[in-house]
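Peer 1: Sequence first, then the predicted structure:
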Amino acid sequence: MADTTSILQANADGDFQRAPGSQVVDFGILSFGYAFGQDQDVTEAAPDFVTDPERVVRWGYTNFHRAAPEVTATALAADAARKALAELNMDPSELDLVVLATSEMPDYLYWDTSAALARELGIDTTQTLLLNEGCASGVTGLGLIAGQMAIQPDLQTALFVAVNRVSEFHRNRMNVNNAVHSDGAVATVLRRGHDQLRWLATAQFTDPDLCDFFRCDFGGAVSPRPPADWSTATAPSGLERVLSHFGKDPKRLREFQEKLSNRMTEVITQACQRAGVTTDQLAHIIYINDSADTIEEVAEPFGVTIEHTNAEVSAAHGHMGAADQLISLGEALQRGDVKPGDLVALSGISIGMRWYCTLVQI
C-alpha cells in the first residue's frame, strides 16, 4: 500500500488541507433530506414480532419507523432526495450522478432501483449507480463516489441516497440480530470543491468466511420459493446462525466477539492513516444504530465519549441499515453537536462480513 500519511496537512486553525500534489478528490456535502416510515413504540410493537419482547426492549431502542405497505424503498428514497434538492433550490437535471445505496430486498428483482429513483425525480438522462453492500453502502458509497470523481473531472454534483425498507415477508425486523430494524432514507447532495462536510478517506475490508450469517435462504436463484410452512416468525435469526457457525462453543464465541471489536478499531485506524490524520484527532464516532453499550465500546479506544457518538439518535430511530450514519450525521449538525473542523468517523459492520469507515471533516 502506498504511503498516505502526507495526503493531508493541518493548518494553524487545525483544519485539514490536502498536501501539494495529492491526487485525491475534494468534495463535500451541500444538503440533507430525510424520509421515515411511521413512528412506532418499540415496547408496544415488540409482542407483534417476537415471543420474548422483553429481550427486544432490553436493547434500549425506544422508537422505530415502519413504512405503510404501499410505501416502497424507491418512494422513501425519492422523498428524501426531493427534500435535499429543495434545500438548495436545485433542479434534478443539474445532477451529474445519481447513486442509491440499499440494504434490504429490492422492490423488484431484475430491476435497477437507482434508475427508478432517477425516473421518480423526472430526470431524462443521467449516470446512475446502484450499491448493495448491506448496511455498509451508505458509508462506503462516499468512497466509491470519490473514485468516480477522480476518473471523471467533469463530474461536479452528485446525489447520494441511502435507504432501508424492510420486507416483512423476507425478514422479521426484530429477529435478525440485536437490533430493531427500521424504515428510513437519507439523501445528500455532494459537490466537488465544497469546503464543508468534506470527504477525507474511506477504508473497508471483508472476512468472506462469515458471509452466510445474515442471508435469507429463500427468494434467490438457489431456492426461489420457501417451504409452505415457512415464515419470518419461525425462521432462524442471524444470532442462531452465528451460534451454529461456532458450534455454540463459548471460547470461540468470545474470540469472535473480540475479533469484531478489534477489527472495528483497525478499520477506523486504517481510514485515519489513509487520510493522513491521527486517531486522537477524532472528535466524533458515528456507528450503526446499535445499542448504547456497543457504540460506547467502539468509541472507547479512541478516547471519544458516548456524548460524541450516535447513541441517542440510535435509540430514537432504530437500525435503518445503510441510512444510519448519514442520518445521524445530519441530525448532529441540526442539533449543533458538531462544529466546523471536527473530524467524524462514520463506521460499522455489515453483511459480508464487512468492516468499514469513512472520515468526514465538518
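Peer 2: Structure received. Residues are numbered from 1 along each chain as shown.
Peer 1: what comes up buried for stretch 163-175?
Peer 2: 163-166, 171-175 (16 or more other Cβ atoms under 10 Å). In short, each C-beta sits where N, CA and C put it, glycine included.
Peer 1: swap that for stretch 281-292, sorry
Peer 2: Neighbour-count burial for stretch 281-292, counted by 16+ other Cβ under 10 Å, picks out 281-292.
Peer 1: how much space between the residue most central in space within the chain and Arg165?
Peer 2: Note on the chain: the residue nearest the mean C-alpha position is Ala322, at 3.2 Å, using Cα atoms, centre = their mean. To Arg165, Ala322 is 11 Å away according to Cβ to Cβ, to the nearest Å.
Peer 1: With Ser328 instead?
Peer 2: 18 Å.
Peer 1: for the longest helix along the chain, packing partners?
Peer 2: Counting residues, the longest helix found in the chain (DSSP state H) is helix 250-275. Judged by 3 or more Cβ pairs under 8 Å, 6 or more residues apart in numbering; DSSP states H and E, the packing partners of helix 250-275 are strand 198-206, helix 238-245, strand 282-286, helix 292-299, strand 343-350, strand 354-361.
Peer 1: I'd like the ones you listed as TSV, with distance to Asn63 appended.
Peer 2: Shown next, in TSV, are these (distance: least, Cβ to Cβ, whole Å):
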stretch	distance to Asn63
strand 198-206	30
helix 238-245	22
strand 282-286	18
helix 292-299	14
strand 343-350	20
strand 354-361	26
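Peer 1: Those: which one's closest to Val25?
Peer 2: strand 198-206 (8.1 Å; Cβ to Cβ).
Peer 1: Would you confirm that Asp39 contacts His65?
Peer 2: Yes - applying Cβ atoms under 8 Å, one finds Asp39 in contact with His65, separated by 6.3 Å.
Peer 1: Asp74 contacts Glu120, doesn't it?
Peer 2: For residue 74 the amino acid is Thr, not Asp. Yes - using Cβ under 8 Å, Thr74 makes contact with Glu120 at a distance of 6.3 Å.
Peer 1: More neighbours: which of these two?
Peer 2: Under the neighbour definition other Cβ atoms under 10 Å, Thr74 and Glu120 were set side by side, and Thr74 has more, 25 against 17.
Peer 1: Low-confidence stretches in this structure?
Peer 2: Filtered on pLDDT under 70, the chain yields the residue ranges 1-23, 236-238.
Peer 1: From Val222, how far out is the residue lying farthest from the centre of it?
Peer 2: The C-alpha centroid of the chain is most remote from Ala228, which lies 34.1 Å away (Cα atoms, centre = their mean). Separation of Ala228 from Val222 (Cβ to Cβ) stands at 18 Å.
Peer 1: just Ser114 next, same as before
Peer 2: 25 Å.
Peer 1: Of those two, which one has the most company?
Peer 2: Legend: neighbour count by other Cβ under 10 Å for Ser114 and Val222, higher for Ser114 (23 against 7).
Peer 1: Secondary structure of the more buried one: a helix, I assume?
Peer 2: Yes - assessed by DSSP: H, G, I helix; E, B strand; the rest coil, Ser114 belongs to a helix.
Peer 1: Contacts only, for it.
Peer 2: 98-100, 128-130 (Cβ atoms under 8 Å, 6 or more residues apart in numbering).
Peer 1: re the thing from before, between the helices and strands packed on helix 250-275, which one is closest to Tyr61.
Peer 2: The stretch from the helices and strands packed on helix 250-275 with the least distance to Tyr61 (Cβ to Cβ) is helix 292-299; that distance is 9.9 Å.
Peer 1: Touching that closest one from outside, list them.
Peer 2: 60, 261, 264-265, 285, 287, 305-306, 308-311, 314-315, 347.
Peer 1: ok, those vs Ala84, which is closest?
Peer 2: Among those, Asn310 lies closest to Ala84 (Cβ to Cβ), at 19.8 Å.
Peer 1: tell me the contacts of the closest one?
Peer 2: Contacts for Asn310 were tallied using Cβ under 8 Å, 6+ apart; they are 286-287, 289, 295, 324-325, 328, 332.
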